[in-house]
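> Could you work out the structure for the sequence below:
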Amino acid sequence: MHPRQIGGHRRKLAVTALLAAAALLALSGCDGARESDAKAKPQSAGSVVAPGKPGEPARTLSADEARKEAPVDKPNSADFTYTEMMVVHHGQALVMTDLAPSRASSEGVKQLALRIAAAQKPEIEAMKGWETRNGAAKRPRTPHDHASMAGMATPQQLAELKAAKGEAFDKLFLKLMITHHKGALTMAGDVLSDGNDVTIEEMATDLVAQQTTEINRMARMLKTA
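Okay, here's the model as predicted:
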């Protein structure tokens, strides 16, 4: 598992553990109030034992303190850069897949293009929704050369794809899309290393799994194209 993913899972486990402990203590507090033989001291009611950092002792926190100290992942510049650039990157993939129904000769290529489009359209909307929720419009945008993003087809390559038909289209589509997917994996790897938002981490992890599978499928198709 990638170190960034491990860190994300640890943060999520820490949140879950603290909140679960607080909820259990609240319930046990209610039960204890109904039992006449309860022996808990007043000052310990509703407290949570939180493990300390390496080399530090555990601390006893109230339920409210535990909620306040639960780690919160806030998006950083790497998260915003990822969504901004990946929306454009996915957009080019849709341009390429839109050509397949009328130009591809292979039914396998046509179906592959449909699957890629069906996956990436919702991903674009999900990333735009994340940007809206996290105030991306209010952030100063760093100028990016989208044409130089990893895996992007050049204008000349797109023109060649639009002009191709039949088997020539199939081969060029598979070559360009394999390169395009590999570029997406590079971008996902960057945000998994440098990003800080759990939602973006999950999106990038899903992308890696899905597009790795598609790269392998396209490589097999290209051998027989």
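> Quick check: phi and psi at Gly166.
In this entry, Gly166 is assigned phi and psi values of phi 70, psi -140 (degrees, to the nearest 10).
> so what's it bridging to?
Beta bridges link Gly166 to Ala104, judged by DSSP bridges.
> So what's the predicted local confidence for it?
What the model reports for Gly166 is a pLDDT of 97.
> Look up how far Met86 lies from it.
As judged by CB to CB, to the nearest Å, Gly166 and Met86 stand 32 Å apart. Any C-beta I mention is one placed from the backbone N, CA and C, and that applies to glycine too.
> And those two? Which one has more around it.
With neighbours defined as other CB atoms under 10 Å, Gly166 and Met86 compare such that Met86 has more, 23 against 11.
> Just the element for that one, please.
helix 77-103 (DSSP states H and E).
> in stretch 134-142, what's buried?
Under the neighbour-count criterion of 16 or more other CB atoms under 10 Å, stretch 134-142 has 134, 136 buried.
> since we're on Phe173, how many residues are nearby?
Burial of Phe173 is recorded as 27 neighbouring residues (other CB under 10 Å).
> what's the helix or strand containing it packed up against?
Phe173 is part of helix 167-194 when elements are defined by DSSP H and E. Using 3 or more CB pairs under 8 Å, 6 or more residues apart in numbering; DSSP states H and E as the contact test, the elements touching helix 167-194 are helix 3-34, helix 77-103, helix 107-133, helix 155-163, helix 198-224.
> and Arg139, which of those helices is closest to it?
With respect to Arg139, and counting by CB to CB, the nearest of those is helix 77-103 at 6.2 Å.
> Met181 and Arg217 touch, don't they?
One correction, residue 181 is His, not Met. No. Under the criterion of CB atoms under 8 Å, His181 makes no contact with Arg217, lying 10.3 Å away.
> quick one, which of the two is more surrounded?
Looking at His181 and Arg217 with other CB under 10 Å, you find the greater number of neighbours at His181, namely 21 against 15.
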